[in-house]
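# A predicted structure for the sequence below; I have some questions about it.
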Amino acid sequence: MNQYDRVYNFSAGPSMLPVPVLERCRDEMLNYNGTGMSVMEMSHRSKPFIAISKRAETLLREVMEIPENYKVLFMQGGASLQFAALPINLRCNGAADYVRSGNFSTIASKEAAKFIKVNIAGSSEATAFDHTPLQEELTLDPQADYVHICMNNTIYGTKFPYIPKTGKVPLVADISSCILSEPIDVSRFGVLYAGVQKNLAPAGMAIVIIRDDLLHEPAAETPLMLNYKLMADKDSMYNTPNCWSIYVTMLVLEYLQSIGGVDEMARRNKKKADLLYGFLDESAFYIAGARPDCRSMMNVIFRTDSPDLDAKFVAGAAERGLLTLKGHRVLGGMRASIYNNMPYEGVELLVDYMRAFEKENG
């Protein structure tokens, strides 16, 4: 164990945060920057907190290279609340294309159908979501208000290895489980959105990155807290935002910059994923869940040929400080979420355990 007796948390979210960030949260808990109070206590209208919020946005713009013609919104709730906000705010012709590549893209399409007509432009459900639909498998409507995808699928361990071409139709992507894991060309999208609990901060907030031309006045019955234009006009401060998550987001972004930014994080993530997938590909004992051409760097799905052995594996891993490896109830088996802040050493220990478990039970 390390100096804090911390475990390696392979949860799909909430997930691990960098130890230096947690240490700074601890050190500033009672007195942030000489204010004599915690960030959790200060007014969101105060100069210290406004500075935190602006700093968080500036850092995000820098590390993601967000163009000037995009707004950054800090929205209440998680990414799932955006499933309703998107069709409400982007509705023009009254129809949108959704690509179903897993659980959350399917839920998003069903939620959007409450507000607009939804066309299923592509789906990998027939093969149990073992891959993301390819460009040639998509049937896109040139008159759609937008095309929606989920870039990374936590439950099924897949990701889009490409950015779909949608012509003049805005592309919208849920990047909750892959934000900041590798470079992404923001200019290819109309909207990017993400819950922060995977790679950035505690749960309870979503970040929305939206191109200026898509910010128009929505229908009069739009709930205030789902109104993108209102939130943009008020700098995400129409009411009290999730101050603590914004603060931790700022700290994580500062940490990310200090280690070399998204390029360095991508290198580290690839190294972790290569180690784990490399072992799985060599093993005749474990079965990897996702098609190799669409494998996620963030969520690695695997199992044995026996549910009883899977349960034994998860229990044994927990005894070794390797926690939350049980697979999602839809799939069973195991799932190792190796988000940005999972150290390489955690993946090394997991592979060592997998090798020992195979030798004992294979």
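In hand now; what should we look at?
# the helix or strand residue 249 falls within: what's the following helix or strand?
Here residue 249 sits within helix 243-259, counting by DSSP states H and E. The first helix or strand that comes after helix 243-259 along the chain, using DSSP H and E, is helix 261-282.
# can you tell me which helices and strands that next one packs against?
For helix 261-282, the helices and strands in contact under the criterion 3 or more CB pairs under 8 Å, 6 or more residues apart in numbering; DSSP states H and E are helix 47-64, helix 243-259, strand 287-288, strand 299-303, helix 344-361. All C-beta atoms are positioned from the backbone trio N, CA, C, and that covers glycine.
# average pLDDT across it?
Over the span of helix 261-282, the pLDDT mean works out to 98.
# list the contacts of that helix.
Contacts of helix 261-282 from elsewhere in the structure, counted by CB atoms under 8 Å, 6 or more residues apart in numbering, are 63-64, 180-183, 256, 259, 286, 288, 295-298, 300, 302, 336, 338, 340, 342, 344, 347-348, 350-351, 354-355.
# tell me, how many residues neighbour residue 112?
Summarising burial for residue 112: neighbours were counted as other CB atoms under 10 Å, giving 24.
# list the contacts of the helix or strand hosting residue 148.
According to DSSP H and E, residue 148 maps onto strand 147-150. When contacts are defined by CB under 8 Å, 6+ apart, strand 147-150 is touched by residues 86, 96-99, 101-102, 104-105, 108-109, 112, 121, 132, 140, 160, 164, 166, 169-174.
# who's in contact with the worst-scoring helix or strand of the chain on mean pLDDT?
Of all regular secondary-structure elements in the chain, judged by mean pLDDT, DSSP states H and E, the least confident is strand 287-288 with a mean of 94. Applying CB under 8 Å, 6+ apart, the set of residues contacting strand 287-288 from outside is 277, 280, 281, 295, 300, 301, 302, 303, 304, 305, 333.
# gap between the third one and residue 357?
Read that as residue 281. Here the distance between residue 281 and residue 357 works out to 17 Å (CB to CB, to the nearest Å).
# in the helix holding residue 249, what counts as buried?
Neighbour counts over helix 243-259 (16 or more other CB atoms under 10 Å) mark 243-256 as buried.
# can I get that helix in PDB, CA atoms only?
Written as PDB, here are the backbone C-alpha positions of helix 243-259 (Å, rounded to 0.1, in the frame of the first residue of the first chain):
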ATOM      1  CA  CYS A 243     -18.900  25.200  -7.000                       C
ATOM      2  CA  TRP A 244     -16.900  22.300  -5.600                       C
ATOM      3  CA  SER A 245     -16.900  20.400  -8.900                       C
ATOM      4  CA  ILE A 246     -15.800  23.500 -10.800                       C
ATOM      5  CA  TYR A 247     -13.000  24.000  -8.200                       C
ATOM      6  CA  VAL A 248     -11.800  20.400  -8.500                       C
ATOM      7  CA  THR A 249     -12.000  20.600 -12.300                       C
ATOM      8  CA  MET A 250      -9.700  23.600 -12.100                       C
ATOM      9  CA  LEU A 251      -7.200  21.700  -9.900                       C
ATOM     10  CA  VAL A 252      -7.300  18.600 -12.200                       C
ATOM     11  CA  LEU A 253      -6.700  20.700 -15.300                       C
ATOM     12  CA  GLU A 254      -3.800  22.400 -13.600                       C
ATOM     13  CA  TYR A 255      -2.400  19.000 -12.800                       C
ATOM     14  CA  LEU A 256      -2.900  17.900 -16.300                       C
ATOM     15  CA  GLN A 257      -1.000  20.900 -17.700                       C
ATOM     16  CA  SER A 258       1.800  20.200 -15.200                       C
ATOM     17  CA  ILE A 259       2.400  16.700 -16.600                       C
END
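# next, the angle from it to helix 261-282.
Compare the direction of helix 243-259 with that of helix 261-282 by axes from the mean of the first three to the mean of the last three CA atoms, to 10 degrees and you get 80 degrees.
# how far does helix 243-259 sit from its chain's centre?
For helix 243-259, the distance between its averaged C-alpha position and the chain's averaged C-alpha position is 15 Å (CA atoms, centre = their mean, to the nearest Å).
# that helix - contacts with which helices or strands?
The criterion is 3+ CB pairs under 8 Å, 6+ apart, and the helices and strands that helix 243-259 contacts are helix 19-27, helix 47-64, strand 70-76, strand 205-211, helix 261-282.
# leaving out the residues flanking it, which one is nearest to residue 350?
Counting by CB to CB, 6 or more residues apart in numbering, residue 350 lies nearest to residue 322, which is 5.6 Å off, once chain neighbours are set aside.
# thought the one you found was touching residue 351?
No: assessed by CB atoms under 8 Å, residue 322 is found out of contact with residue 351, at 10.5 Å.
# neighbour count: these two, which is higher?
Neighbours were counted for residue 322 and for residue 351 using other CB under 10 Å; residue 322 has more, 23 against 18.
# so what's the more buried one up against?
By CB under 8 Å, 6+ apart, the residues touching residue 322 are 7, 8, 10, 346, 349, 350, 353.
# ok, now with 10 Å
With contacts defined as CB atoms under 10 Å, 6 or more residues apart in numbering, residue 322 is in contact with 7-10, 313-314, 316, 336, 346-347, 349-350, 352-354.
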